[in-house]
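Undergrad: sharing a model that was predicted from the sequence below.
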Amino acid sequence: MAGPKKENPMNHFLDIHKTDPAALRAMIETAGQIKRARADRPKGAPDDDQPLAGRMVALIFEKPSTRTRVSFDVGVRQMGGQSMVLSGSDMQLGHGETIADTARVLSRYVDLIMIRTFDESVLHEMAEYADVPVINGLTDRTHPCQIMADVLTYEEHRGPIKGKKVVWAGDGNNVCASFLHAAGQFGFDLTFTGPAQLDPEEEFVGLARKAGSTVVIERDAARAVEGADLVVADTWVSMHDSQSSKERRHNMLRPYQVNAELMAKARPDALFMHCLPAHREEEVTSEVMDGPHSVIWDEAENRLHAQKAVMRWCLGV
Ligand code: CP
Ligand code: NVA
C-alpha cells in the first residue's frame, strides 16, 4: 500500500511526449543560451547565473552511469546548487522501503529528484508521491534527457530539426523510444531499421504518427539511410537486457552496424550520433565514431547544457 496520493501540479520531466512542445522548444533555446554564456565567460570565472543557489538536488542511480551522473552533478554545481549522488542499493529503497515513502521523505530534504531506474513504474510512483519535481534519468523504456541533448546538438550543427530525416539503426530500445517521442514533438521524421523482433513499441510509433511525423520501418539498412540527415546507433545490449541474450542479439543486429559504407549512403552532410557508451566495432565502427560525420563528443557535452535547461524548467527558475 502506497498510502494517499497528493495533488501534484509540478513540472516533472518524465518523458518528451508528456511535456508541452512549447516548453520543450523553450528548453532547447535556453540550453543554447546557457552554453554560449558559459563559453563567453573568462576562463575559470564562475557563472554569473546561479539560479539553483540554496537548492539541493538528489541524483538516484539504480543502474550504472558516467554521463548522466557527471553532467547532472556538474550542472547543479555550475548553477550554484548542491547535489548528492545516491545509489539505489545503498538506500532503504533497495531494502524494502516503498518508493512512495522514499519520495515523501526525500521531498522534506531536497528541491529536485533525478532518478535512473529499471521499470518506469518506479519513476512514476516517485513523481506521484514527491512534493518536488522529478526527472527521468533513464528507465528500461525511455531516456528523455538524452534526446534533449541530441536535438540541441543537431540544431547547433545543422539548424532546425523540423522536417529532417532521422534514421535509428539497431535495437528499438529506450533511447529509440524517446527519439520517437521527440519526432512527434519537434516535427521530424524517423526511419527505424532493425530486425522485426526488436521493433520499437507500436504505441510510440503510433504517437509519433498521430503527431504528424512520418515513421518508416525498413528492414534493409542501406535503403533506410538513403537521404538521412542524421543516423543514430546505440548499444545492442542495454543495461536492462539479460547477458544471456547477448549472442542472439548480436546475430540479429549485425546487419545494422553503422559503418563507413552505410554512412556513405546517407546525405553527404549527414550527422552521426550515439548516446554512449559505445561498443566500438559492434553497433558502430571506430571509423564512423571518429570520422567526419560524428558529433558524439558535442552530444555528450550537450547533456550538461540541456539538463541545466530541464532543471530550470522543473524549478521555474
Ligand atoms: N548516455 C548516457 O546516459 O550515458 P550514461 O549511461 O553514462 O549516463
Ligand atoms: N540503451 C542503453 C542506453 C545507455 C545510456 C541502455 O539502456 O543501457
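TA: Sure, I can see it. Ligands and ions are numbered 1, 2, ... in the order given.
Undergrad: how near is residue 169 to residue 276?
TA: Look at residue 169 and residue 276: by C-beta to C-beta, to the nearest Å, they are 15 Å apart. Backbone N, C-alpha and C define where each C-beta goes, glycine included.
Undergrad: cool, and residue 239?
TA: 13 Å.
Undergrad: where along the stretch 151-300 of the chain do the strands fall?
TA: 165-169, 189-193, 215-217, 230-233, 271-274 (DSSP state E, counting those that start in this stretch).
Undergrad: need the winner for burial among the ones you listed.
TA: Greatest average neighbour count among the strands of the stretch 151-300 of the chain goes to strand 230-233 (a mean of 28), per mean count of other C-beta atoms under 10 Å.
Undergrad: that strand - contacts with which helices or strands?
TA: strand 165-169, strand 271-274 (3 or more C-beta pairs under 8 Å, 6 or more residues apart in numbering; DSSP states H and E).
Undergrad: those: which one's closest to ligand 1?
TA: The closest of the helices and strands packed on strand 230-233 to ligand 1 is strand 271-274. By C-beta to the nearest ligand atom, the value is 8.6 Å.
Undergrad: briefly note if that closest one comes near ligand 2.
TA: No: using C-beta under 6 Å from any ligand atom, strand 271-274 stays clear of ligand 2, with a minimum separation of 9.6 Å.
Undergrad: low-confidence ranges in the stretch 51-200 of the chain?
TA: Residues of the stretch 51-200 of the chain meeting the criterion pLDDT under 70: none.
Undergrad: spell out which parts of it neighbour ligand 2.
TA: 173-175.
Undergrad: what about the spatially closest residue to residue 66 that is not a sequence neighbour, how many residues nearby?
TA: Closest residue to residue 66 apart from its sequence neighbours, by C-beta to C-beta, 6 or more residues apart in numbering: residue 277 at 7.0 Å. If you count neighbours by other C-beta atoms under 10 Å, residue 277 ends up with 13.
Undergrad: these two touch, right, residue 277 and residue 235?
TA: Yes: Residue 277 is in contact with residue 235 according to C-beta atoms under 8 Å; the separation is 7.0 Å.
Undergrad: what are the phi and psi angles of the most centrally placed residue in the chain?
TA: Residue closest to the average C-alpha location in the chain (C-alpha atoms, centre = their mean): residue 146, at 2.1 Å. In terms of degrees, to the nearest 10, the main-chain angles of residue 146 are phi -60, psi -40.
Undergrad: okay, it and residue 25: tell me how far apart.
TA: 18 Å.
Undergrad: same deal with residue 272?
TA: Relative to residue 25, and taking C-beta to C-beta, residue 272 is found at 24 Å.
Undergrad: kindly report the same for residue 63.
TA: 30 Å.
Undergrad: now do residue 175
TA: Residue 175 is 21 Å from residue 25, by C-beta to C-beta.
Undergrad: higher neighbour count, those two?
TA: residue 175 (25 against 13).
Undergrad: thought that one was touching residue 143?
TA: Yes: in this structure, residue 175 is within contact of residue 143 by C-beta under 8 Å, at 4.8 Å.
Undergrad: shared neighbours, those two?
TA: residue 275 (C-beta atoms under 8 Å, 6 or more residues apart in numbering).
Undergrad: any idea which residue of the stretch 101-250 of the chain lies closest to ligand 1?
TA: Taking C-beta to the nearest ligand atom, the stretch 101-250 of the chain has residue 146 as its residue nearest ligand 1, at 5.4 Å.
Undergrad: quick one: contacts for the closest residue to that residue other than its chain neighbours?
TA: Spatial nearest neighbour of residue 146, chain neighbours left out: residue 275 (4.8 Å); criterion: C-beta to C-beta, 6+ apart. Going by C-beta under 8 Å, 6+ apart, residue 275 touches 67, 143, 146, 150, 175, 234, 299.
Undergrad: okay but the last one is in contact with residue 273, surely?
TA: Put plainly, it is residue 299. Yes: with contact defined as C-beta under 8 Å, residue 299 reaches residue 273; the gap is 5.2 Å.
Undergrad: what touches both of those two?
TA: Common neighbours of residue 299 and residue 273 (C-beta under 8 Å, 6+ apart) are 150, 153.
Undergrad: show the pLDDT at residue 1.
TA: With respect to pLDDT, residue 1 scores 58.
Undergrad: pLDDT wise, what is the residue nearest to residue 66 at?
TA: 98.
Undergrad: residues from the stretch 151-300 of the chain in reach of ligand 1?
TA: Residues of the stretch 151-300 of the chain lying near ligand 1 (C-beta under 6 Å from any ligand atom): 275-277.
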